[in-house]
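Participant: kindly return the folded structure for what I paste below:
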Amino acid sequence: MTDSAAERSHEDRVLPAIVYGLYVFSIPSAWVAVLLGLVLAYANREHAGPRMTSHYQFLIQTFWKSIWWAVIGVALIIVGLPMIAAFGIGLLMIIVGGLILTAVHIWFYIRLAVGVIYLVQDQPYPRPDAWLF
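Facilitator: Numbering: from 1, shown residues only. Okay, here's the model as predicted:
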């Protein structure tokens, strides 16, 4: 057994897979599962090998990027609601906010799918800090 094969076998993929699974159940759990996954990712990224550290970093980045875009979408909807009666721009703000939330939701699940593919192939996530996939 070569050194790289021995090193590869010692990296546990189970816990990152559990974190991916918790993220997948974000909507049914009202994001409680994602928060639990985020805590697990933060707690384990320093003790993981380099490949799994890249997955933990990717999952952490996915959480924070999706939260900030979701906050923007929700803020637009909240600000737009009272402005519907007063100004015509309120409806536009609600539509844009809804589109942002829809796009973030789709982006979130595509990122998870791509991350799981890398995890199943026992590869590090190549660009954990990238905005896209």
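Participant: next helix or strand past the helix ranked longest in the chain?
Facilitator: For the chain, the helix that runs over the most residues, judged by DSSP state H, is helix 50-86. Toward the C-terminal end, the helix or strand that comes next after helix 50-86 (DSSP states H and E) is helix 89-120.
Participant: list the buried residues in that following helix.
Facilitator: With burial defined by 16 or more other CB atoms under 10 Å, the residues of helix 89-120 counted as buried are 90, 93-94, 97, 100-101, 104-105, 107-108, 111-112, 115-116, 118-119. Backbone N, C-alpha and C define where each C-beta goes, glycine included.
Participant: which one of those residues sits closest to residue 42?
Facilitator: Comparing the buried residues of helix 89-120 against residue 42 with CB to CB picks out residue 115 as the nearest, at 16.3 Å.
Participant: hang on, the closest one packs against residue 20?
Facilitator: Yes - using CB atoms under 8 Å, residue 115 and residue 20 qualify as a contacting pair, with a distance of 6.2 Å.
Participant: list the residues that contact both of the two?
Facilitator: Taking CB atoms under 8 Å, 6 or more residues apart in numbering as the contact criterion, the common neighbours of residue 115 and residue 20 are 55, 59.
Participant: quick one on the thing from earlier: pick out the most distant pair among the buried residues of helix 89-120.
Facilitator: Looking at the buried residues of helix 89-120 by CB to CB, the two members farthest from one another are 90 and 119, with 43.1 Å of separation.
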